[in-house]
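Asker: the sequence and its predicted three-dimensional model are supplied below.
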Number of protein chains: 2
Amino acid sequence: MKEVKVGLLGCGTVGTGVAKLLIDHKDLISRRVGVHLKLKWVADIDIERDRGIQFEDGVLITDAQRVVADPEIDIVIEMIGGEGVAKDLILKGIENGKHVITANKALLAGQGNALFKAAAEKGVDLAFEAAVGGCMPIIKALRESLVGNHIKSMTGILNGTCNYILTKITDDGSPYDVALAEAQARGYAEANPTLDVEGLDTAHKIAILTALAYGMEINLKDVYIEGISKITPLDIEFAGQFGYRIKLLAISKNKDDSIEARVHPTMIPFDNLLSNVNGTVNAIMLSGDAVGEIMLYGRGAGMMPTASSVISDAVDIARNLLSGTAGRVPSLSYQRDQIRAIPVTPIEKISTHYYFRFSALDRPGVLSKISGVLGNHGISIQSVQQKGRKTNGAVPVVMVTHMAKEADVQKALSEISALEVVGDRPVLIRIEDDKLD
Amino acid sequence: MKEVKVGLLGCGTVGTGVAKLLIDHKDLISRRVGVHLKLKWVADIDIERDRGIQFEDGVLITDAQRVVADPEIDIVIEMIGGEGVAKDLILKGIENGKHVITANKALLAGQGNALFKAAAEKGVDLAFEAAVGGCMPIIKALRESLVGNHIKSMTGILNGTCNYILTKITDDGSPYDVALAEAQARGYAEANPTLDVEGLDTAHKIAILTALAYGMEINLKDVYIEGISKITPLDIEFAGQFGYRIKLLAISKNKDDSIEARVHPTMIPFDNLLSNVNGTVNAIMLSGDAVGEIMLYGRGAGMMPTASSVISDAVDIARNLLSGTAGRVPSLSYQRDQIRAIPVTPIEKISTHYYFRFSALDRPGVLSKISGVLGNHGISIQSVQQKGRKTNGAVPVVMVTHMAKEADVQKALSEISALEVVGDRPVLIRIEDDKLD
């Protein structure tokens, strides 16, 4: 049986999963692909640690350069992470004619365009199924399964850490800090959780998917980003009273050939399947003009689920190698000469529904003042609840709006903040609900 | 730009959708694939009907033989259905070196092995993404995305007609006949609904998926089949009281290298995502040893969603044609010489949980008699409810069992039916609930 030789760079959690699958599932993979994926090198700075794997003698090495330079290596799998060494090694691999697989969403979101260009010029594949949604085959779905569709929108829960924290606050009424600490204790959140909880990891992923879906380059800076660290049990409770759950959603839309890409806490109705995606799981709903709505659901992180996607890429490349067809499917879903700039709608210009919570003094006329300011800015209220429970002499006033413009909302909230009868900063959470308006 | 020439056989609902996508999305597809998929022929017995498509002159013909004989045609798309003409044309196409796409699950489930053999021998692709789950990329997921996984089980809602009817009974409490009539009025069920409601269509689909998942040939006769026509609002109501919804599930499991494949109404807990898949939508949950659980969700039928999957196949084949790599992914997911017979567990030998409803005379000792018989057969009761509401002098007694063997259950129910105090036939509905036992 023919062999395809694989070199693995970085043997941390996911790297170890990849090595396990290549070794433990060697026969399974060969029986399906008709070729043996041979793990020739595993490069890691720590080659002493027990990973529960019986590597063949001499496979574990510390010198990653040796892997990308080895003429025998067909596929390099980059599992180091970060944008420094990883990028250099990927470029070196491409330069040496290796096909490369990475799960490095930060690198792809930030510098992917240059990497894809280099790969295309060299005629090698740069694959990244594991970069978005862990085990969910979202990259393959966009590039292959939905190839006959104009993609209209994507709405996803793409960060397991945030989804775990929000699920915890929702289920237990824990404050954010307690839920975060629990996520950290369980290993779902890093000691420094910023990248996850402030939405940047989700933004990396939706930036990549946005490029693939609509045929444009990756533009991370076009993604509006807001994290979950200000979400309170109180807002989750109010959301429930309006029939909503709060999720950190990645939202990407193509409306009249203008793109919206944003990441923020979002209220969605109970009967939206995404509202029932709980814990560390990921899911994404795609809307295409032929398929209507289609959803993928699965573990978005973790050793084996992510490794499963890496193996899927490795097998695709091995199948291409057998027939000498690198670049069979273009990295960014469209042929390179068909990738176009598409105008992006800045957050100020989007329209959506909003939930507001104001902390207002409990006296007559307050509601009228607030709704007056909103009305002056063309924002009309769909429903309002004024709650009796005082905190610091103030009561929460919560509202859901009809469709409104973000810029108007921001102006109105500034004015309302300045009112004497309103304390604290108003809370704003956007709503995605087709049944409103 | 290069052209790949496509001939369409059958221009009914899905065929029309395929033609629409090839014509209306011509540029979109070319921009992604780098090749033009040219619809050269559309053969149908009715070439007068207005399909809302502006075909080029001479494209619509009545002679399907001309399509499969045309040396210029690269891909034949069979959308005729049935196992007669469709099969002959597919074989003729293969013989003439055409790649073939079909959505014909009845044909594949019944005679697919011979067709796949013919295609492999001729070195052409026989693709069928649209045969299972409409727009859901379940075939691609099994053959490509999950290639590094041992598939452990699949649980799916694969027939929109049945799911619509069950949803209708659940939501409105309509009797089965009323829900069926409503499905027919909306065009979701055929005038003769047997193929759908008695579970055969679902069985076709799970027979195909079972082969792909575990590396065996397609064996429709190994699938146990039970339809939904005996489901009553009463059982759905009781199910709800136990925390379950009733769905027609296709269940396929690989336990210790023995296969279970069955289609029957099944109670599943409210927190199982499949229980929230309502109306005509399909969904499937797959369990793999690397990914854990992964779910696909989308429209399982209809003109455009099904056509979207056909286009996905056509593009895959076009990409193979560009590089001369037919058979890049083996039809049945495993290399042909790796397809093995795997023992199948007959329904009598499976173990699961059961819901029973007995119609019992309302007098002392009845429950003891029933549970006595169950006990004699080693079936232990997890919970029981005896309901006060009499129908024909009898009251319903409903139970949920611990894990029990099907053969024991059948014997016990026969004995219980023969008891003087029990009227009618007992109702049996199987339960899938990991949290029981």
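Answerer: Here it is on my side, so go on. Numbers count the residues shown, from 1 in each chain, chains lettered A, B, ... in the order given.
Asker: which residue packs closest to the closest residue to chain B within the stretch 1-150 of chain A, ignoring adjacent ones?
Answerer: Closest residue of the stretch 1-150 of chain A to chain B, CB to the nearest CB: A:Gly148 (3.2 Å). (C-beta placed from N, C-alpha, C; glycine too.) Excluding its sequence neighbours, the residue lying closest to A:Gly148 (CB to CB, 6 or more residues apart in numbering or on different chains) is B:Ile311, at 3.2 Å.
Asker: can you name the element that comes right after the helix or strand harbouring the one you found?
Answerer: Assigned by DSSP states H and E, B:Ile311 falls within helix B:303-323. Going down the chain from helix B:303-323, the next helix or strand is strand B:351-361, by DSSP H and E.
Asker: list the pairing partners of that following strand within its sheet, with orientation.
Answerer: Counting by DSSP bridges, the strands paired with strand B:351-361 are strand B:394-401 (antiparallel), strand B:404-405 (antiparallel), strand B:422-431 (antiparallel).
Asker: can you tell me what sits against the first one?
Answerer: Spelled out, that is strand B:394-401. Defining contact as CB atoms under 8 Å, 6 or more residues apart in numbering or on different chains, one finds that strand B:394-401 is touched by B:234, B:238, B:242, B:353-362, B:366-367, B:370, B:374, B:379-389, B:409, B:423-424, B:431, B:436.
Asker: of those, keep whichever come out buried.
Answerer: The neighbour count (16 or more other CB atoms under 10 Å in any protein chain shown) marks B:234, B:238, B:242, B:353-360, B:366-367, B:370, B:374, B:379, B:381-382, B:387, B:409, B:423, B:431 as buried among those.
Asker: could you dump the strands paired with strand B:351-361 into JSON lines with mean pLDDT and distance to A:Glu293 added?
Answerer: Converted to JSON lines, the strands paired with strand B:351-361 look like this (pLDDT from 0 to 100; distance: least, CB to CB, whole Å):
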{"stretch": "strand B:394-401", "mean pLDDT": "93", "distance to A:Glu293": "34"}
{"stretch": "strand B:404-405", "mean pLDDT": "97", "distance to A:Glu293": "39"}
{"stretch": "strand B:422-431", "mean pLDDT": "92", "distance to A:Glu293": "29"}
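Asker: looking at these, which is buried most?
Answerer: Highest mean neighbour count among those (mean count of other CB atoms under 10 Å in any protein chain shown): strand B:394-401, with a mean of 21.
Asker: please save the CA atoms from it in CSV.
Answerer: Output in CSV follows, covering the C-alpha atoms of strand B:394-401 (Å, rounded to 0.1, in the frame of the first residue of the first chain):
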residue,chain,number,x,y,z
ALA,B,394,-61.3,0.0,30.6
VAL,B,395,-58.5,2.2,31.8
PRO,B,396,-55.1,2.7,30.3
VAL,B,397,-52.2,1.4,32.3
VAL,B,398,-48.9,2.8,31.0
MET,B,399,-45.4,1.7,31.9
VAL,B,400,-41.8,2.4,31.1
THR,B,401,-39.4,-0.5,31.5
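Asker: now it: how far from the chain's centre is it?
Answerer: Distance of strand B:394-401 from the chain centroid (CA atoms, centre = their mean, to the nearest Å) equals 31 Å.
Asker: close to chain B: what parts of the stretch 301-437 of chain A are there?
Answerer: A:304-305, A:307-309, A:311-312, A:315-316, A:319, A:322-325, A:328-330, A:333-335, A:338 (CB under 8 Å from any CB of the partner chain).
Asker: give me that answer again for 6 Å
Answerer: Within the stretch 301-437 of chain A, the positions adjacent to chain B are A:304-305, A:308, A:311-312, A:315, A:319, A:323, A:325, A:328, A:334-335, A:338 by CB under 6 Å from any CB of the partner chain.
Asker: closest to A:Val42 out of these?
Answerer: A:Ile311 (15.0 Å; CB to CB).
Asker: pretty sure the closest one contacts A:Leu21?
Answerer: Yes - in this structure, A:Ile311 is within contact of A:Leu21 by CB atoms under 6 Å, at 5.1 Å.
Asker: need the overlap of contacts for the two.
Answerer: The contact sets of A:Ile311 and A:Leu21 overlap at B:Gly148 (CB atoms under 6 Å, 6 or more residues apart in numbering or on different chains).
Asker: count of residues packed around A:Gly240?
Answerer: 14 (other CB atoms under 10 Å in any protein chain shown).
Asker: now the helices for chain A?
Answerer: Ranges of helices within chain A are A:13-24, A:26-33, A:64-69, A:85-95, A:105-122, A:138-140, A:160-172, A:176-185, A:194-197, A:200-214, A:233-241, A:303-323, A:366-376, A:406-417, based on DSSP state H.
Asker: so can I have CSV of those showing mean pLDDT?
Answerer: Formatted as CSV, those follow (pLDDT from 0 to 100):
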stretch, mean pLDDT
helix A:13-24, 97
helix A:26-33, 97
helix A:64-69, 98
helix A:85-95, 98
helix A:105-122, 97
helix A:138-140, 98
helix A:160-172, 97
helix A:176-185, 97
helix A:194-197, 97
helix A:200-214, 98
helix A:233-241, 96
helix A:303-323, 96
helix A:366-376, 94
helix A:406-417, 97
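Asker: ok, which of the ones you listed comes nearest B:Asn113?
Answerer: Closest approach to B:Asn113 among the helices of chain A (CB to CB): helix A:26-33, 17.9 Å.
Asker: so what touches the closest one?
Answerer: Residues from elsewhere that reach helix A:26-33 (CB under 6 Å, 6+ apart): A:His36, A:Leu37, A:Val315, A:Ala318, B:Val147, B:Tyr334, B:Gln338.
Asker: so which elements touch the helix holding B:Ile311?
Answerer: Other elements packing on helix B:303-323 under the criterion 3 or more CB pairs under 6 Å, 6 or more residues apart in numbering or on different chains; DSSP states H and E are helix B:13-24, strand B:99-102.
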